[in-house]
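Visitor: I'd like to go over a predicted model; first the sequence, then the structure.
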Amino acid sequence: MSKVRVLVGTRKGAFILTSDGRREKWDVNGPLFAGWELYHLKGSPLDPNRLYASQTSGWFGQVIQRSDDGGKTWHQPGTPPGEPTTGPDGTPKGESNKFVYDTSAETGKPLTTHQWYDGTQHPWQFKRVWHLEPSLTDPDTVYAGVEDAALFRSTDGGKNWHELPGLRGHGTGPKWQPGAGGMCLHTIILDPQDPGRIYIAISAAGAFRTDDGGKTWKPINRGLRSQYIPDPNAEIGHCVHHVAMHKSRPGVLFMQKHWDVMRSDNAGDSWQEVSGNLPTDFGFVIDVHAHEPQTIYVVPIKSDGEHYVHGGKLRVFRSRTGGNEWEALTKGLPQKDCYVNVLRDAMAVDSLDKCGIYFGTTGGQVYVSPDAGDSWAPIVRDLPAVLSVEVQTLP
Amino acid sequence: MIRVILPPHLRTLAKVDSEVKLQVEGQATQRSVLDALEAHYPMLRGTIRDHVTLQRRPFLRFFACEEDLTHEPPDAPLPEAVASGKEPFVVLGAIAGG
């Protein structure tokens, strides 16, 4: 029988939750990296035992962890403890925690300032890795979306990281600005049918696409409208919270913006709003059913000033029509006195026959629906605040 | 031998249970002690000082012999009691809890 492995990042460590295909009884392993913020963990689609984790701290900075045995053991890629940090020829060995912005003229003279909260220009300063996206074609290649916003890539299993400078260098960088959570590149989507195409999203700059493997980028924000910026229809400046895609239709994108749920049918070249009958269209997460590319899920949040669910009810909303027509999914979820949030990377779907949906809350609950959202049950109730949820479907 | 006490999270990261003992070449200074620490425990690179600028991370402080050495020049000699190993060099998180 197939199994599932759920990778949960929290404010105070990581947890790995495992179950068989029924998804009723769960083993909970953790906390791993106790006391650290685990912004994201994700496994390679080619080698499910290869996991990458972003371990971070306001005190101690960024650490990258890797497991090659499905999370049983972890190590920092690169130099083992006690070994020299340089090779016999003096070349530095891997420095897996080192994220340095590209400033070389040869790679496009990337911009070195962005817009600060008060409208002045501010230098880029690396803070943390928000999202790790393993390659679809090579377990040793993995992308990292970081704060301050930039895209990095490692091609040696996380030992060394290099920025893809074309993103920051393409011209709009001085207009990017931090959202409430910082200026983070939080979404990385690799096109399964076109190896040169990557989508990314930044709060608060917007969504971008490359069609040449990351050398050049274009903003893809036409149709987004944000009342909170001076020009609501600007090309740059939108606070995109998350973007999702179904692998069978890589040109169709779904977006949860700060406010508004959006859809694009042309790889982001234009967007239309599909918020429809949602009680509020503010939110963070959005995801797509594993087998039904028109079925999507969001968790509406009351407002940008009140980051908790609407009406004290934890409700997932499902649209089977790719947006506009939404139904509330409530069975098994608290329907009174609930004031949690679900953060942007904290929802995932498995690929079992009956698609499982997972999400984690800032109250420390991780819920599973083994029937595509019809009913829900908590896997765990009392973890630290959940930052991210990913799931692996294992043979 | 120079003795260094790390905050709990960095002890976990470096896989050490208690204080660290280091052989430091030349004069004992903040820089030479941290260089030796990072050479022996490369996973600590970037966690106490920035990878590139080698500036102290903003929420960390340095103490020894009941003195705050945080803002001392990185090449200033550490107290003799630290150099001789009688007292430890302490790396401390600036804010407890959180």
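Guide: That came through fine.
Visitor: show me where the chain has helices.
Guide: Because you didn't say which chain, this covers chain A. Assigned by DSSP state H, chain A shows helices spanning A:166-169.
Visitor: actually it's chain B I care about, not the one you picked
Guide: B:8-14, B:30-40, B:80-83.
Visitor: quick one: low-confidence parts of the chain?
Guide: Let's take chain A. Residues of chain A meeting the criterion pLDDT under 70: A:79-94, A:106-111.
Visitor: Chain B was what I was after
Guide: Residues of chain B that meet the cut-off, pLDDT under 70, sit at B:95-98.
Visitor: Would you mind finding the most buried of the helices of chain B?
Guide: helix B:30-40 (a mean of 20; mean count of other CB atoms under 10 Å in any protein chain shown). The C-beta positions use only the backbone N, C-alpha and C, and glycine is treated the same way.
Visitor: Packing partners of that helix?
Guide: Contacts defined by 3 or more CB pairs under 8 Å, 6 or more residues apart in numbering or on different chains; DSSP states H and E place helix B:30-40 against strand B:2-5, strand B:20-22.
Visitor: Name the surrounding residues that touch the first one.
Guide: So the one you mean is strand B:2-5. With CB atoms under 8 Å, 6 or more residues apart in numbering or on different chains as the test, strand B:2-5 has contacts from B:19-24, B:28, B:33, B:36-37, B:82-83, B:85, B:87-91.
Visitor: Just the buried ones from those residues, in PyMOL syntax?
Guide: The PyMOL command for the buried members of those (criterion: 16 or more other CB atoms under 10 Å in any protein chain shown) is given here:
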select buried, chain B and resi 20+22+24+28+33+36+37+82+83+87+88+89+90+91
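Visitor: Quick one: name the residues of the stretch 101-250 of chain A near chain B.
Guide: Contacts of the stretch 101-250 of chain A with chain B, taken as CB under 8 Å from any CB of the partner chain, are absent.
Visitor: in the stretch 101-250 of chain A, what residue is nearest chain B?
Guide: A:Phe126 (8.8 Å; CB to the nearest CB).
Visitor: The residue lying closest to that residue once chain neighbours are set aside: what's it in contact with?
Guide: Counting by CB to CB, 6 or more residues apart in numbering or on different chains, A:Phe126 lies nearest to A:Phe99, which is 5.0 Å off, once chain neighbours are set aside. Residues in contact with A:Phe99, defined by CB under 8 Å, 6+ apart, are A:Gln62, A:Phe126, A:Val129, A:Ala144, A:Val146, A:Phe152, A:Trp161, A:Glu163.
Visitor: rerun at 10 Å
Guide: With contact set as CB atoms under 10 Å, 6 or more residues apart in numbering or on different chains, A:Phe99 has these partners: A:61-62, A:64, A:126-129, A:144, A:146, A:150, A:152, A:161-163, B:46, B:51.
Visitor: Show the buried residues in the residues you listed.
Guide: Here, 16+ other CB under 10 Å leaves A:61-62, A:64, A:126-129, A:144, A:146, A:150, A:152, A:161, A:163, B:46, B:51 buried among the contacts of A:Phe99.
Visitor: tell me which of those is nearest to A:Gly363?
Guide: Using CB to CB, A:Arg128 comes nearest to A:Gly363 of the buried ones among the contacts of A:Phe99, at 22.6 Å.
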